[in-house]
Structure formats: C-alpha cells, structure tokens
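**Q** sequence and computational prediction follow.
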Protein chains: 2
Amino acid sequence: MMPLKSSVLNLAKRRRSVRRFQKTQVDLGSVLTALEAACQAPSGANSQPWRFLVVTDHETKRRIREVCEKAEMEFYSKVVGHLKTWLLAKGLNWSKPFLEEAPLLVLIFSETKASYSTESVWLSIGYILLALEENGLSTLTYTPSGFEDASEHVGAPKGFKLEAILPIGIEAGKRPKEPRLDPQEVIYLDCWGRKLDPHNLSTYNVR
Amino acid sequence: MMPLKSSVLNLAKRRRSVRRFQKTQVDLGSVLTALEAACQAPSGANSQPWRFLVVTDHETKRRIREVCEKAEMEFYSKVVGHLKTWLLAKGLNWSKPFLEEAPLLVLIFSETKASYSTESVWLSIGYILLALEENGLSTLTYTPSGFEDASEHVGAPKGFKLEAILPIGIEAGKRPKEPRLDPQEVIYLDCWGRKLDPHNLSTYNVR
C-alpha cells in the first residue's frame, strides 16, 4: 500500500532555514535524538567520520561568533557574482548574531582522512535537519569561511574539519521558506533533460 | 498534531545499505516522492544544485554498470590502507551487479559552479534515504571512481558532477546493518572530547 503522503516529504516541505531564535530553552534530549539519527547514517567504508560538538556555554558561543564574524568581514569584502547578488538581495551580511543568540550550537566536524568524509557528514546533516523539524526545532546550516579559528577555539584536533555550525532553537517570528524549483525541472528520466510527467506515471514501465 | 517522537530516528535506525535487489517492480511514485523531498532541502544561496536522473531502461543500466566496473577494476588494483582492509573484509570487489539488477537507478548530479554544491547535494541525499526507507525501498549510496564515463553516457553536460548512483529496489535476502559507534563516542559537550551523559541530561542547563 502506498502511503498517500510521505511524512518525510512533509517534514522536508515544512522545514525552513531560520536565523532568528527565541530565548526559550531548548530540550537537549530532542537535539541528542537528532544527532543519534545522524549517527545511523551510512558513510564511506562505514568510517562514521562525524563528530558533533554541542555548545551551550554562553562565553564559548560568544567567542565562536567573534571569530566567525571576523572571517565573514573578510569574505564579504571579496565576494562577487551570483553569490554577492543573492546575499545582498537577502539582506545578509557579516553579522551573525544567531551564533550567540541561539540557545545552543552544534558544531559538525568531519575526520578528513576518511573516504568521502565531507559527503558522509553532509548526508548525516540531512538526517539532523529532518529530526529537528520533527521535534519543533529550527536551525540553519551555517558554513562560514575561516572555520579554522573556531575549530581551534573549541579544541578540535588536526585531522578534523569543521563542516558546519547549526544554531538550534525555537524560531522567533516567521519568515516564508525560500521558493524551490518545480521538481520537474530537476528530475529527468533515462537521459539528461527528458522530463517525467508526474501525473501520468503509469506510462513508465519500471521493470 | 505532532508526529510521534523520533520517527526520523526510527527510520534512520532501520535503514541499511543494500546491494542485492529483488526483480520486483518498484513504484515509481515512491521514488519520485523521495526526490521531491530532496528538492526541499536547503542549499548554498538556495542554488538547488541537484539534478536527478532516474534510469529505468535496461540497456542504459547495463552500460552504466559496464563503465563503472571498468573504473572499479582500476580502483581495486590501486586501493591501499584501511579502505583496502575494509573492502576485503566485506567481500567487496569491482563487480557491481546491482547497477544492472536494481529495478531502477537514480544518478545524482551537482552543478559544480554553485557554492557548496557537493555539500548541498549530499544533504539532500540524506532526505532521499529516509524517504525511501519510509516507503519500504532499499538503496545504497554508490560512489565509484571514474564517474566521467557514466556521466557522459547519459548525456550530462559539463558543469555537472555525478556525485552518487542510488540503485533502488526491494531488498533480496536480509543482511544485518553494519554496526555503528555509540553516539557518546562522537557527541561532545562544550569542548572537544567532553562526553555527555545521555541518562542525566537534567545536569546540563541549556539557556
């Protein structure tokens, strides 16, 4: 029996990137549930190259914000092209208050010597986003340039790369989700560019 | 209404990588649902750098298998270290029958000019794996070396990188899941290496 609507699909549709958080405490158990899901993801040669550093300490968050904003200032002074246009249009700049304001951060590292370490870790981040959404928590996959200083500040050893910081909390305000392309624009059948008709799937014989 | 807690966690726990598939047809709608979920993932500057090529045509699958196995033979003749040990222990070799035997393949591409294209696409693969599991479909995140030939064979233009091939179907047989580390081994609190006690979370004050 086909489920009418996939709940994973519903979580994915509902989930939006959030940059402003309430001061409300978050349930650490819900965050750990999401990280536990991530630990179940597949990885290259099952190397499980992820490490998750949950940061609740305010002074540590403040210092992470400081080192990230310093790198962002440099990044924003150099950015060009489509990315610059997009950032300006979204009103984004070097200032990253969410790194201090979110009740907690999760710093996500990859063990660089593992095969496909970046790929595996980002797949696991997909699990985390859906699990947080399921538990009513919002986040953002923040990927600054100049992660080395933040990484050093929290004592991460060489051989581990900081892939992303997830500020986690309850959303303050409610901004709409960024629009997505129609799936038909990015899903092809049997050769590049050949579109599927999702309303007439019976035409396609899957043996 | 809140969905039941940790259903994402349950899907993540249940989900295993599968290399042997029944000849049973798969429901194309369930596969599209998983890809539709992927299209909802966040991406660098909302660039949505993913393209999904669903391959159902047997001759195309056979040819993809052929070009991938050719590259695998070269890879296996050179692989060393931990990865070689792991591959040998798992009985894995250059032969990839699942590329032909699975009822369908999904080839997943990233648009390389987009910021964080690989990261974004792999995050979306996390969504796909959970959505397939929810619909009773199994898969594997296959990442061969030498993807250029397969990519060329299906007509992908320059500027798109083949990140992974997912063979999708109903599992034949039932192999156990590869063991995972205890989450406590990879989740730290406030500084690198400091373990959390998941049974005594109330000790930690999240402001």
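**A** It's in.

**Q** tell me which element the closest residue to residue A:147 other than its chain neighbours is part of?
**A** In space, residue A:147 comes closest to residue A:162 once its chain neighbours are excluded; the distance is 4.0 Å by CB to CB, 6 or more residues apart in numbering or on different chains. (C-beta placed from N, C-alpha, C; glycine too.) When secondary structure is defined using DSSP states H and E, the element that contains residue A:162 is strand A:160-168.

**Q** counting by contacts, list what that strand packs against.
**A** Under the contact criterion of 3 or more CB pairs under 8 Å, 6 or more residues apart in numbering or on different chains; DSSP states H and E, the helices and strands touching strand A:160-168 comprise helix A:98-101, strand A:104-111, helix A:117-134, helix A:148-153.

**Q** list the buried ones in the first one?
**A** Applying a neighbour-count criterion of 16 or more other CB atoms under 10 Å in any protein chain shown, the buried positions in helix A:98-101 are A:98, A:99, A:100, A:101.

**Q** between these, which is nearest residue B:105?
**A** Looking at the buried residues of helix A:98-101 and their distance to residue B:105, the nearest is residue A:98, at 39.3 Å (CB to CB).

**Q** circling back: okay if I get the buried residues of helix A:98-101 as CSV plus pLDDT and distance to residue A:192?
**A** CSV is the format used below for the buried residues of helix A:98-101 (pLDDT from 0 to 100; distance: CB to CB, whole Å):
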residue, pLDDT, distance to residue A:192
A:98, 97, 39
A:99, 97, 40
A:100, 97, 45
A:101, 97, 44
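
**Q** so what's the one residue in chain A that gets nearest to chain B up against?
**A** Taking CB to the nearest CB, chain B has its nearest neighbour within chain A at residue A:126, 2.0 Å off. Residues in contact with residue A:126, defined by CB atoms under 8 Å, 6 or more residues apart in numbering or on different chains, are B:41, B:122, B:123, B:124, B:125, B:126, B:127, B:129, B:130.

**Q** doesn't residue A:141 make contact with the third one?
**A** Read that as residue B:123. Yes. Applying CB atoms under 8 Å, one finds residue B:123 in contact with residue A:141, separated by 7.0 Å.

**Q** need the residues touching each of the two.
**A** Residues within reach of residue B:123 and of residue A:141 at once, by CB under 8 Å, 6+ apart, are A:125, A:129, B:42.

**Q** residue A:88: which of these is nearest?
**A** Proximity of those to residue A:88 was ranked by CB to CB; the top entry is residue B:42 with 19.2 Å.

**Q** quick one: that closest one and residue B:123 touch, right?
**A** Yes. Shown here, residue B:42 and residue B:123 form a contact pair, counting by CB under 8 Å, at 7.1 Å.

**Q** list the contacts of the strand or helix carrying residue A:54.
**A** Assigning secondary structure by DSSP H and E places residue A:54 in strand A:50-55. The list of residues contacting strand A:50-55 from outside it, by CB under 8 Å, 6+ apart, reads A:28, A:31-32, A:35, A:38-39, A:41, A:43, A:61, A:64, A:104-111, A:120-121, A:124, A:154, A:156, A:160, B:186-192, B:196.

**Q** need the next SSE after that strand, C-terminal direction.
**A** Per DSSP H and E, the first helix or strand lying C-terminal to strand A:50-55 is helix A:58-78.

**Q** mind saving the C-alpha coords of the strand holding residue A:54 as PDB?
**A** Listed in PDB are the C-alpha atoms of strand A:50-55, where the atom choice follows Å, rounded to 0.1, in the frame of the first residue of the first chain:
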ATOM      1  CA  TRP A  50      31.300  12.700  12.100                       C
ATOM      2  CA  ARG A  51      31.900  14.400  15.400                       C
ATOM      3  CA  PHE A  52      29.200  16.600  17.000                       C
ATOM      4  CA  LEU A  53      30.100  19.300  19.500                       C
ATOM      5  CA  VAL A  54      27.100  20.700  21.300                       C
ATOM      6  CA  VAL A  55      27.800  24.200  22.600                       C
END
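
**Q** relative to helix A:58-78, how tilted is it?
**A** Taking axes from the mean of the first three to the mean of the last three CA atoms, to 10 degrees, one finds strand A:50-55 and helix A:58-78 inclined to each other by 110 degrees.

**Q** name every strand pairing with strand A:50-55 and say which way it goes.
**A** strand A:104-111 (antiparallel), strand B:187-189 (parallel) (DSSP bridges).

**Q** tell me the buried residues in stretch A:144-164?
**A** Taking 16+ other CB under 10 Å as the criterion, stretch A:144-164 shows A:144, A:146-147, A:149-151, A:153-154, A:156, A:160-164 as buried.

**Q** now do the end-to-end distance for that stretch.
**A** Between the opening and closing residues of stretch A:144-164 lies a distance of 8 Å (CA to CA, to the nearest Å).

**Q** how many neighbours does residue A:30 have?
**A** 17 (other CB atoms under 10 Å in any protein chain shown).

**Q** you'd agree it is in a helix?
**A** Yes. With DSSP: H, G, I helix; E, B strand; the rest coil as the criterion, residue A:30 is part of a helix.

**Q** ok so, going back, out of the strands paired with strand A:50-55, which is closest to residue B:172?
**A** The stretch from the strands paired with strand A:50-55 with the least distance to residue B:172 (CB to CB) is strand A:104-111; that distance is 32.8 Å.

**Q** contact partners for residue A:96?
**A** Residues touching residue A:96, when contacts are defined by CB under 8 Å, 6+ apart, comprise A:65, A:68, A:69, A:72, A:142, A:144.

**Q** please name the nearest non-neighbouring residue to the residue nearest the centre of chain A.
**A** Relative to the mean C-alpha position of chain A, the nearest C-alpha, by CA atoms, centre = their mean, is the one of residue A:141, at 2.9 Å. Nearest residue to residue A:141, sequence neighbours excluded (CB to CB, 6+ apart): residue A:164, at 5.1 Å.

**Q** go ahead and confirm the one you found touches residue A:140.
**A** No. The criterion here is CB under 8 Å, and residue A:164 misses it with residue A:140 at 9.1 Å.

**Q** returning to what we had before: including pLDDT, could the buried residues of stretch A:144-164 go into TSV?
**A** Putting the buried residues of stretch A:144-164 into TSV (pLDDT from 0 to 100) gives the following:
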residue	pLDDT
A:144	76
A:146	72
A:147	86
A:149	86
A:150	89
A:151	93
A:153	90
A:154	93
A:156	96
A:160	96
A:161	96
A:162	97
A:163	97
A:164	98
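
**Q** what about residue A:144, distance to residue A:67?
**A** Here residue A:144 is placed at a distance of 9 Å from residue A:67 (CB to CB, to the nearest Å).
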